[in-house]
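Peer 1: give me a model of this one.
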Amino acid sequence: GYDLGKLFTGSLGTLGVIVQATFRLHPRPVARRLVEIAVDSVDAAGAAVLRLMGSTLVPAAVEMDWPDEGPRRILVLFEGIEQGVEAQAAGAGDLVGATVLEDTFYGRWTAATTQPWQSGGLGLKVTYLPAELPAVMHSIAQAAARWGVRPGIRGSVANGVLYVGFPVDAPEVATGIVGDLRAAVREGSVVVQSAPARLRAELEVWGPVGSSLDLMRRVKHQFDPGRVLNPGRFVGGI
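Peer 2: Prediction:
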C-alpha cells in the first residue's frame, strides 16, 4: 500500500488530524562551523555546489543567498565534534575556496535562510534537480528580465530547493512569471508560497498535476468521505 507517513505529511491536513505527536530528540551539536563561498555567477554557484556534493564532506546544510543586489554567497554549515567540524571546514576551504566565519553564525545564518519576499509580493518555491541549479537560475533571471522585476533568491541548493521573491503587484505580471518558470522547470515544480489575495485569485497555486488528480481525489474520499478535513486546501479543491 501507500507510504502513509509521506502521504499524510504532504497532504496539508486534507487526510487527517494530528491527535498525538511523539518526537525523537537529538543532542545539540558540540561544535559548529559556518563557511562562506563567494560566488559571482550562477555557473560558479552551480560548480561549487556540485563539488561539495561530490566530495567526502558531510555538511548539515548548504544555503545560497542571492539578493537582487549586493554580494552573492553560499553558506555551508558543519556540525559535530570540535575536531571533526574543524577538519570539514578546512576541507571546504581547500575544495571550493570557502572562508570560515568566526562568531557570526546566527546573524549570517538567519539572513541566508529568511524567505526573500516582502508582504504584498510574490513568493515562489522552485524545486529542481540539484545539478540543474545554473539552468534554473538562468530561467529565473530571464523571466524577471522579461517582466521587468528584480528577484531575491535563497534556498537549500544541495536539496534542489529555491525560494524566489518578486516585488510584483500586477496580476498579469505574476501569472506571466509563474507561467514562464513552469515552462522552463520541467524536472521539478513551481509552487506559489505567498501572494496577496488579488494575485492569488489569478494564479494556479500548485501548478499542473497531470493525470494524478483523479487518483488523489479517490484517496481523499477513502480517508475523508465527508470532506471535513481542510476541504479545498490542496490541488483541484481537494
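Peer 1: now the worst-scoring helix or strand of the chain on mean pLDDT - C-alpha only, PDB.
Peer 2: The weakest-scoring helix or strand in the chain, judged by mean pLDDT, DSSP states H and E, is helix 105-113 (a mean of 74). Extracted C-alpha coordinates of helix 105-113, given in PDB (Å, rounded to 0.1, in the frame of the first residue of the first chain):
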ATOM      1  CA  PHE A 105      26.800  32.200  13.000                       C
ATOM      2  CA  TYR A 106      23.300  33.400  14.000                       C
ATOM      3  CA  GLY A 107      23.300  36.700  12.100                       C
ATOM      4  CA  ARG A 108      24.700  35.300   8.900                       C
ATOM      5  CA  TRP A 109      22.600  32.100   9.000                       C
ATOM      6  CA  THR A 110      19.400  34.000   9.800                       C
ATOM      7  CA  ALA A 111      20.000  36.300   6.900                       C
ATOM      8  CA  ALA A 112      20.600  33.500   4.500                       C
ATOM      9  CA  THR A 113      17.600  31.400   5.500                       C
END
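Peer 1: now do whichever helix or strand comes after it: which elements does it pack against?
Peer 2: For helix 105-113, the succeeding helix or strand toward the C-terminus, using DSSP states H and E, is strand 122-127. Counting contacts by 3 or more Cβ pairs under 8 Å, 6 or more residues apart in numbering; DSSP states H and E, strand 122-127 is packed against strand 161-166, helix 171-184, strand 189-194. Yep, even glycine has a C-beta here, placed from its N, CA and C like the rest.
Peer 1: tell me who's in contact with Pro134.
Peer 2: Val42, Asp43, Ala45, Gly46 (Cβ atoms under 8 Å, 6 or more residues apart in numbering).
Peer 1: next up, identify which helix or strand the residue lying closest to the first one once chain neighbours are set aside is on.
Peer 2: Using Cβ to Cβ, 6 or more residues apart in numbering and skipping the chain neighbours, the partner closest in space to Val42 is Met137 (3.8 Å). Using DSSP H and E, Met137 falls within helix 133-147.
Peer 1: re the thing from before, filter the contacts of Pro134 down to the buried ones, ChimeraX style.
Peer 2: What follows is the ChimeraX syntax for the buried subset of the contacts of Pro134, where burial is set by 16 or more other Cβ atoms under 10 Å:
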select :42,45,46
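Peer 1: adding secondary structure, distance to Gly70 and pLDDT, write the contacts of Pro134 out as CSV.
Peer 2: Formatted as CSV, the contacts of Pro134 follow (DSSP: H, G, I helix; E, B strand; the rest coil; distance: Cβ to Cβ, whole Å; pLDDT from 0 to 100):
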residue, secondary structure, distance to Gly70, pLDDT
Val42, helix, 16, 93
Asp43, helix, 19, 94
Ala45, helix, 15, 94
Gly46, helix, 20, 94
